[in-house]
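>>> for reference, the sequence and a predicted model appear below.
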Amino acid sequence: MTDQSYYVILNANAGTAHATGVTAEMVADLFEANGLTATIEANHDRDLASRIADAMASEAQTIVAAGGDGTITAVAAALVDTDKNLAILPLGTVNALAKDLNIPLDLSQAVAALATGRAHQIDVGEVNGRVFLHKVVVGLIPELAAGREHIRGRHTLSAKIGFMRYFFRRLTRARRIAVAIETSTGERRVERVQAIAVASNAYDEGPGQIFARHQLDQGTLTLYVLRHLTVIDFFRLTTGMLLGRWRSDEALWIESVKGVTIDAHKSMLNVMFDGEVETFQTPFNFTIRPRALSVIVPAVTVEPAAAA
């Protein structure tokens, strides 16, 4: 890309960034080395919303989210249906969207990829007015993820063993929740489920492809309803995912929809929102916003090599 200016919002506390000691100076040097003009904003004493507002008010055409999935989702939400692009420097632990878009996970390679990158429009999901890029999960999974937060940053064997004990204890004691599910076609059903995930587009099925998506512009949500999850179900599903045969599992109901409303008896429920546990008010109203976000991706992702 030429004649471009970039505004980088750096979260140096993100998983990989913190572990590797990424600094604003390091990022600035990488942009300069690749002939790119960038403003680096790394003031962690300011709230993220204010930092994003300054980026949006700048003349930069591309706003770079340098951090984990939470930072990327927050920046993306501000860029939806605007004339600015999102770029990603994956510095988190999971880096889900970066992997989906084939963005290099190495920082220096990710910056270099911006120099030849192209804008690509992708869908975003929306629930109760909040934009998400991956999935929102209701039910058992957020409760298990909450337990994960207690060991975040702790890499000792005892912490990992403690989490696994917590995981299987919760799994054996988990109760299903009653939910009403109504799709955009008007179909309504009441189910008792272990968990429900609503994803932007669909997850691929193939060996080793666990929660990976290669198409992010199909204009659909995918509803994954986990009817039950025993210990046996867990190991069968996990094995199926590793082998690339999980979509037909007996515990799952999968459906593509344009929109869906999910309601429950409780007025507030914990959800896993793009990897972070939050509390949302019911009902959950989901919609898809087709190609509403422009993202800079490596050129090969948008323009695959022509056949010889």
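That came through fine. Numbers count the residues shown, from 1 in each chain.

>>> from now on I want contacts and neighbour counts done on CA atoms only, so please keep to that.
Noted.

>>> now do the contacts for the residue nearest the centre of the chain.
Nearest residue to the geometric centre of the chain (CA atoms, centre = their mean): residue 134, 3.8 Å. Applying CA atoms under 8 Å, 6 or more residues apart in numbering, we find residue 134 in contact with 96-97, 125, 199-200, 274.

>>> same deal with residue 67?
Neighbour list for residue 67: 10-14, 17, 89-92 [criterion: CA under 8 Å, 6+ apart].

>>> repeat that with 10 Å
9-18, 88-93, 95 (CA atoms under 10 Å, 6 or more residues apart in numbering).

>>> chain neighbours aside, what residue packs nearest to it?
Distances taken as CA to CA, 6 or more residues apart in numbering place residue 91 nearest to residue 67, at 4.5 Å, with adjacent residues excluded.

>>> count of neighbours near that neighbour?
30 (other CA atoms under 10 Å).

>>> and if you look at residue 268?
Applying other CA under 10 Å, we find 12 residues neighbouring residue 268.

>>> excluding chain neighbours, what is closest to it?
Nearest one to residue 268, counting by CA to CA, 6+ apart, is residue 281 at 4.5 Å.

>>> just to check, that neighbour is in contact with residue 128?
Yes. With contact defined as CA atoms under 10 Å, residue 281 counts as touching residue 128 (8.5 Å).

>>> right, and the helix or strand after the helix or strand containing residue 165?
Using DSSP states H and E, residue 165 maps to helix 157-173. Downstream of helix 157-173, the next assigned helix or strand under DSSP H and E is strand 177-183.

>>> what pairs with that next one, parallel or antiparallel?
Strand pairing for strand 177-183, using DSSP bridges, gives strand 188-193 (antiparallel), strand 259-264 (antiparallel).

>>> of those, which is nearest residue 115?
Nearest of these to residue 115, taken as CA to CA: strand 259-264 at 36.8 Å.

>>> measure residue 111 to residue 18 for me?
Residue 111 sits 18 Å away from residue 18, going by CA to CA, to the nearest Å.

>>> between those two, who's got more neighbours?
Neighbours per residue, other CA under 10 Å: of residue 111 and residue 18, the larger number sits with residue 111, 24 against 15.
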